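Student: I'll drop the sequence and a predicted model, then ask my questions.
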Amino acid sequence: MLQEACRLIDYMAKTRHHLHRYPELSRNEQETSRFIRQELAAMDGVEILNLPLETGVVAMIRGQGPGPSKVTALRADIDALPIQEQTGLPYQSAHAGIMHACGHDGHAAILLGVARILSSQRFKFSGAVKLLFQPAEEQLWGARHMIEAGVLENPRVDTIVGVHGGIEAEIGKIGLYAGPFMASTDRFTVKIKGVGAHAAYPHRGKDAMLTTGHCIVALQGIVSREIDAVEKAVLSICKINGGNAFNILPAEVEFCGTVRNHNEELRKVIRDKMDRMIGGIAAAHDCTHQLDYVFGMPGVVNNKDTVEKLAEAARLSLGESNVTMLSKPLMGSEDFALYLQSVPQGCMFRLGIAGPNPVQLHTATFDFPDDALPVGAAVMASFILETHK
Ligand code: NI
């Protein structure tokens, strides 16, 4: 399969460069969607599904081979980021301040490559394959939009596989992880309310600033002292707002941040501990508090059985040594988690994109390596051929 995918490297690279040159932000992927539809329409046996989508494209390929009539969805995201590109590449972004800095141009090109392989090999698999070109992943909005548009129904999806490039693995390899793979993402805003005062006479007020300082330090004690040390959790305070002069103590200070972890039950536990701790500290300083805690994206939990089948298919096409089991999960998050809530038989895999000098994702000099394109396409296409027979 890798050889077949390698024959498509020029097609996938050309496609990626086009997408890279014309990146679009989340929920604005009109031109990207039009381009993807046009590419799919040129392929035999690819049906573009008519779903009520703002942006994004869903297509289906029906197999003609014997075997079970199962339905597998393959997902690639297609949106770009608000970053001014500084790569100097010939296909550098033509849109000021917008760039494919997370490699979604690569993911979309891979899925178009998969579409070409599978549409020409329909007699080799049974059932159907849905191709999900998902918008607005960066805003954790697109998966919900696609699900609400009915992408998982008619026919009902049994299994789902998603791809994302990562520098944890070298080009040519993929990384897999069974179980809780990516973290849930919650966000919180805390308001500490006191009584404003002249900076020279703090005793005449109630100091929201000092109280906030104590809260920021103490909150780190939740993960380090109150959560089992073998759990994976992080609490980060990222923004603070309060006061507007060097000599006035403000009546109110606000700070906000995020909590990430890999254990669904811990989310509420951490929230409650934060509320207790902030409330206690505020009371100690004669202030009051308000915690707004928003339970956001759940974690991506990779199904063990799907991971094993994907590993098997990947070994057949890439060779044993190029399929690695990742030693640890990630603290980042993905709205792919939402598909898994409806279709538990699913997983995301990391496509190795690390060259000799890997560049971090979400930076102005990142570029998805073309050499990783056939690897991603081979893994996805061979997963279909191996599991739909
Ligand atoms: Ni991404």
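Tutor: That came in fine, so what should we check first?

Student: Okay, and the beta partners of the nearest residue to residue 336 once chain neighbours are set aside?
Tutor: Excluding the flanking residues, the one nearest residue 336 by C-beta to C-beta, 6 or more residues apart in numbering is residue 162, at 4.6 Å. Where C-beta positions appear, they are placed from N, C-alpha and C, glycine not excepted. Counting by DSSP bridges, residue 162 forms beta bridges with residue 75, residue 348.

Student: what's the spacing between residue 162 and residue 129?
Tutor: Counting by C-beta to C-beta, to the nearest Å, the gap from residue 162 to residue 129 is 14 Å.

Student: quick one: the helices in this protein?
Tutor: 2-6, 9-21, 30-41, 104-120, 142-148, 208-221, 264-284, 304-318, 336-342, 373-387 (DSSP state H).

Student: which stretch in those is the model least sure about?
Tutor: Ranked by mean pLDDT, the helices of the chain end with helix 2-6 at the bottom, a mean of 91.

Student: which secondary structure elements does that helix contact?
Tutor: helix 104-120, helix 304-318, helix 373-387 (3 or more C-beta pairs under 8 Å, 6 or more residues apart in numbering; DSSP states H and E).

Student: which residues do residue 162 and residue 129 both contact?
Tutor: Taking C-beta atoms under 8 Å, 6 or more residues apart in numbering as the contact rule, residue 162 and residue 129 both touch residue 74.

Student: Go ahead and confirm residue 84 touches residue 92.
Tutor: No: with contact defined as C-beta atoms under 8 Å, residue 84 does not count as touching residue 92 (10.3 Å).

Student: can you pull the contacts of the residue nearest to residue 336?
Tutor: Contacts of residue 162 (C-beta under 8 Å, 6+ apart): 74, 75, 76, 334, 336, 339, 346, 347, 348, 349.

Student: Just the pLDDT for the third one.
Tutor: On pLDDT, residue 76 comes in at 98.

Student: Surely it is in contact with residue 115?
Tutor: No: the criterion here is C-beta under 8 Å, and residue 76 misses it with residue 115 at 10.3 Å.

Student: For the two, list the residues in contact with both.
Tutor: Common neighbours of residue 76 and residue 115 (C-beta under 8 Å, 6+ apart) are residue 131.

Student: Let me see the domain layout of this structure.
Tutor: Segmentation of the chain into domains, based on automatic domain parsing, reads 2-182+299-387, 184-297.

Student: most tightly surrounded among these?
Tutor: Among those, judged by mean count of other C-beta atoms under 10 Å, the one packed with the most neighbours on average is domain 2-182+299-387 (a mean of 20).

Student: Just the C-alpha atoms of stretch 339-347, please, in CSV.
Tutor: The C-alpha coordinates for stretch 339-347 follow below in CSV (Å, rounded to 0.1, in the frame of the first residue of the first chain):
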residue,chain,number,x,y,z
TYR,A,339,-17.1,11.6,17.4
LEU,A,340,-15.8,9.0,19.9
GLN,A,341,-18.7,9.7,22.2
SER,A,342,-21.1,8.5,19.5
VAL,A,343,-18.8,6.0,17.9
PRO,A,344,-16.6,4.4,20.6
GLN,A,345,-14.9,2.1,18.1
GLY,A,346,-12.4,4.7,17.0
CYS,A,347,-9.0,6.2,17.4
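
Student: So for residue 338, what's the nearest residue that isn't a sequence neighbour?
Tutor: residue 143 is the one closest to residue 338 (C-beta to C-beta, 6+ apart), at 4.4 Å.

Student: Contact partners for residue 172?
Tutor: Taking C-beta under 8 Å, 6+ apart as the criterion, residue 172 is in contact with 318, 322, 352, 371, 372, 375.

Student: and stretch 179-190, how far apart are its ends?
Tutor: 32 Å (C-alpha to C-alpha, to the nearest Å).

Student: Ramachandran coordinates for residue 79?
Tutor: Phi and psi for residue 79, reported as degrees, to the nearest 10, are phi -90, psi 160.

Student: Let me see the confidence value for the residue nearest to residue 336.
Tutor: pLDDT for residue 162: 98.

Student: Distance check, it against residue 145.
Tutor: Between residue 162 and residue 145 the computed distance is 16 Å (C-beta to C-beta).

Student: still on that earlier bit, so which of the helices and strands packed on helix 2-6 comes closest to residue 297?
Tutor: Distance to residue 297, taken as C-beta to C-beta, is lowest for helix 104-120 among these, at 17.2 Å.

Student: Could you measure from residue 297 over to residue 50?
Tutor: In this structure, residue 297 and residue 50 are 28 Å apart, going by C-beta to C-beta.

Student: sorry, that was for residue 14
Tutor: Taking C-beta to C-beta as the measure, residue 14 falls 28 Å from residue 50.

Student: cool, and residue 249?
Tutor: Residue 249 sits 60 Å away from residue 50, taking C-beta to C-beta as the criterion.

Student: Ok, residue 334 next?
Tutor: For residue 334, the distance to residue 50 - C-beta to C-beta - is 27 Å.

Student: cool, residue 360 as well?
Tutor: As judged by C-beta to C-beta, residue 360 and residue 50 stand 39 Å apart.

Student: So the residue nearest to residue 338 sits against residue 333, correct?
Tutor: No: with contacts counted by C-beta under 8 Å, residue 143 stays clear of residue 333, the gap being 11.4 Å.

Student: ok, back up a step: run through the residues that contact the residue nearest to residue 338.
Tutor: Residues near residue 143 by C-beta under 8 Å, 6+ apart: 134, 137, 335, 336, 337, 338, 339.

Student: Need the max-distance pair from those.
Tutor: Of all pairs in the contacts of residue 143, the most separated under C-beta to C-beta is 134 and 337 at 12.7 Å.

Student: How about residue 307: what's its closest non-neighbour residue?
Tutor: With C-beta to C-beta, 6+ apart as the criterion, residue 307 has its nearest non-adjacent residue at 4.3 Å, and that residue is residue 178.

Student: swap in residue 58?
Tutor: Spatial nearest neighbour of residue 58, excluding adjacent residues (C-beta to C-beta, 6+ apart): residue 49 at 4.5 Å.
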